[in-house]
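*Asks:* Okay, predicted coordinates and the sequence, questions at the end:
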Amino acid sequence: MSPVSRNNLFPGEQLSTINGAPCITYFRPGDPSRPLAVLVPGAAHLARVFYGGHDGHDPHDFVAHWLTQQGYNFLAISYPLETDPATMLPTQPGMTVSEWGAQAVEATRQTIHRHHLLSNAVILLFWSMGGKILQPYVLAARDTNISISFAVPLVATPAIRGVRDRPILTPSPTGYATAAGLSETYFMLQLHEQNAMHNGKTIIPDETYRREYLGNFPVGLGCYGVRWCAVEEVQPQEQDQRQRRNRGSFVDDPDTGYEVADAIPHAQLPLICSISCSSPADLRHAIADKYTWGFLLTYKLLGGIAPSKRAALQTDQDKGRRVVQFIHSAPDTLSATVEGGHHFFIGEKGAKRTAELVAEFETRVADFQRDLASLLS
């Protein structure tokens, strides 16, 4: 592993320590009166997937360009990742989802303040494993003046038990989960599919992708039922063995990653506008995302109906049926599909369409909230 060096950062990236953990942020200004789009990557990836920056990259192939074209301010946040060449010290193998959410919120708060943005409104976008940050981000934002306008899962997996199998997880010498253990081959397949959709254009060269975009990640962020157990947590009779295994190991813990999601009622979530993919190469997300996130959205909306309103809808059954039908329409109204697979937002076609959908969702959310309020009045 090479030493950490700011020379390993891309132009515009800022390496800092936030809440005691390393973090890389990348900001691009839009209209200071518009919301800040906050983007969080998934497992084993730096947030560079949203803005590029490698030698020879085309900015049009990344969603940062198109979101700022829509007027949004743009912030991408890389959680602690172990990369080679090194971008951050690998000091956080035991990072929790609570710490992840708190770090991302603090990075958001600092960005709004530093760049004198005129709005505290945030549109939270998260990809893949990044879906696990929704509840932790919501919880941490309560202590700030940040207002989450809505959330946009990008082929993301929420913290719902049983929706995916546990991947093969292997610790690195520093205790991070290795990208290879999560299947680097799978990620390459998805990237190559995006290349093919763009007439064979090499959006990110394979070796560049491995070296400058992928890395090892804190296993507790994935809701895999596994956490990093440092040597001081191990029973004394096992200590010598664990010391030979890099001073710790992965241990089963079915609650790891779910501790915040289990504690926050769905009604307290923001509105959710999910974007799924079309490719069978990412079958689980292509099939399930609309309805997985639609489940959370439906319970968010149901939980927002006050007891007095529920009683009134039981009395006025015609009105009650209209409300039922309207909420049933929400997963269709507040979702979309983009052509491609797990990396659909990489490459000009998907990057541009993703940004367009965020702008469309902003309008749809406002219309939906207005119409629901009218129905319930």
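*Replies:* Right, received. Where do you want to start?

*Asks:* what sits against the residue lying closest to Ala76 once chain neighbours are set aside?
*Replies:* Nearest residue to Ala76, sequence neighbours excluded (Cβ to Cβ, 6 or more residues apart in numbering): Ala47, at 3.7 Å. Quick note: C-beta positions are derived from backbone N, CA and C, even for glycine. Ala47 sits next to 24, 26, 39-41, 76-78 when contact means Cβ atoms under 8 Å, 6 or more residues apart in numbering.

*Asks:* now the residues you listed as a markdown table including secondary structure, neighbour count and pLDDT?
*Replies:* Below are the contacts of Ala47 laid out as a markdown table (DSSP: H, G, I helix; E, B strand; the rest coil; neighbours: other Cβ atoms under 10 Å; pLDDT from 0 to 100):
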| residue | secondary structure | neighbour count | pLDDT |
| --- | --- | --- | --- |
| Ile24 | strand | 23 | 98 |
| Tyr26 | strand | 25 | 99 |
| Leu39 | strand | 25 | 99 |
| Val40 | strand | 29 | 99 |
| Pro41 | coil | 25 | 99 |
| Ala76 | strand | 27 | 99 |
| Ile77 | strand | 28 | 99 |
| Ser78 | strand | 25 | 99 |
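
*Asks:* which of those residues lies closest to Asp367?
*Replies:* Asp367 has its nearest neighbour among the contacts of Ala47 in Leu39, at 24.4 Å by Cβ to Cβ.

*Asks:* my read: the closest one touches Ile77, true?
*Replies:* Yes - the criterion here is Cβ atoms under 8 Å, and Leu39 meets it with Ile77 at 7.2 Å.

*Asks:* quick one on the thing from earlier: if we only consider the contacts of Ala47, which is nearest to Phe345?
*Replies:* Leu39 (9.5 Å).

*Asks:* now that closest one: how far from Thr25?
*Replies:* Leu39 sits 11 Å away from Thr25, taking Cβ to Cβ, to the nearest Å as the criterion.

*Asks:* what touches both of those two?
*Replies:* With contacts taken as Cβ under 8 Å, 6+ apart, the residues that reach both Leu39 and Thr25 are 75-77.

*Asks:* Going by distance to Arg166, which of these wins?
*Replies:* Of all those, Arg166 sits closest to Ile77, with 25.8 Å by Cβ to Cβ.

*Asks:* pretty sure the closest one is touching Ala37, no?
*Replies:* No - contact criterion Cβ under 8 Å: Ile77 and Ala37 do not qualify, at 11.3 Å.

*Asks:* Could you pull out the strands in this protein for me?
*Replies:* 13-18, 21-28, 36-40, 73-78, 121-127, 147-154, 226-230, 248-252, 274-277, 335-338 (DSSP state E).

*Asks:* Can you give me the buried ones in the longest helix that the chain contains?
*Replies:* Using DSSP state H, we find that the single longest helix of the chain is helix 348-376. Neighbour-count burial for helix 348-376, counted by 16 or more other Cβ atoms under 10 Å, picks out 348-359, 361-362, 364-365, 368, 372, 375-376.

*Asks:* From Ile305, how far off is Phe361?
*Replies:* Relative to Ile305, and taking Cβ to Cβ, Phe361 is found at 22 Å.

*Asks:* ugh, typo on my part, it should be Gly42
*Replies:* 33 Å.

*Asks:* Name the residue in those two with the higher neighbour count.
*Replies:* More neighbours surround Gly42 than the other of Gly42 and Ile305, with 25 against 16 (other Cβ atoms under 10 Å).

*Asks:* Skipping its backbone neighbours, what lies nearest the more buried one in space?
*Replies:* With Cβ to Cβ, 6+ apart as the measure, Ser128 is the residue that lies nearest to Gly42, at 2.7 Å, once sequence neighbours are left out.
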